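Novice: I would like the atomic coordinates for the input below:
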Amino acid sequence: MDAISAAMKIAGSGLEAQSLRVRMVSENIANANSLGSAPGADPYRRKTIVFQPEFDRALGADTVTVKKIGVDPGEFTLSYDPSHPAADQKGYVKVPNVNTLIEMTDMREATRSYDANLNVIEQARGMAMATLALLDN
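Specialist: Numbering: from 1, shown residues only. Next comes the predicted model:
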């Protein structure tokens, strides 16, 4: 495989990984206020994503893959709301362990990584087109 195609494949693996990361962050933000429905029930638990490098023998280089999609084992905070159906005997409701500020920061980082990989693909495509144009002359 030529170097330009290899660069595109490596960047493509980054695009795929970051798009899945954006999906996880979006799900976390959408469920930041999803509380349990029964007394003492757990609310939504933040999802996490773990990447790992994977050596591609055909490319002779590392690409990125998703190793695991998991959940954040962090503690839930309590909010006093005795009228909520999920309130315990003391009137407290467990709140999701989602911090929207952290999620927005993760979203920004994932978007920037996605854009960087997209730029690599665009540059490699431009180089391939310029090479073809030179060969055509």
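
Novice: Might you list the low-confidence residue ranges for the chain?
Specialist: The model of the chain has pLDDT under 70 over residues 1.

Novice: And the helices in it, which stretches?
Specialist: In the chain, the helices defined using DSSP state H lie at 3-30, 100-136.

Novice: Give me the buried stretch members for the first one, please.
Specialist: Think helix 3-30. Buried residues in helix 3-30, defined by neighbour count with 16 or more other Cβ atoms under 10 Å: 6-18, 21-22, 24-25, 28. Heads up, the C-betas are built off the backbone N, CA and C, glycines and all.

Novice: So which elements touch that helix?
Specialist: Packed against helix 3-30, as judged by 3 or more Cβ pairs under 8 Å, 6 or more residues apart in numbering; DSSP states H and E, are the following elements: strand 47-56, strand 61-71, helix 100-136.

Novice: For Ser37, find the nearest of the ones you listed.
Specialist: strand 61-71 (18.5 Å; Cβ to Cβ).

Novice: For that closest one, what is the distance to the chain centroid?
Specialist: Using Cα atoms, centre = their mean, to the nearest Å, the distance from the centre of strand 61-71 to the centre of the chain it belongs to is 10 Å.

Novice: Please apply the same query to stretch 66-82.
Specialist: That offset, for stretch 66-82, works out to 17 Å (Cα atoms, centre = their mean).
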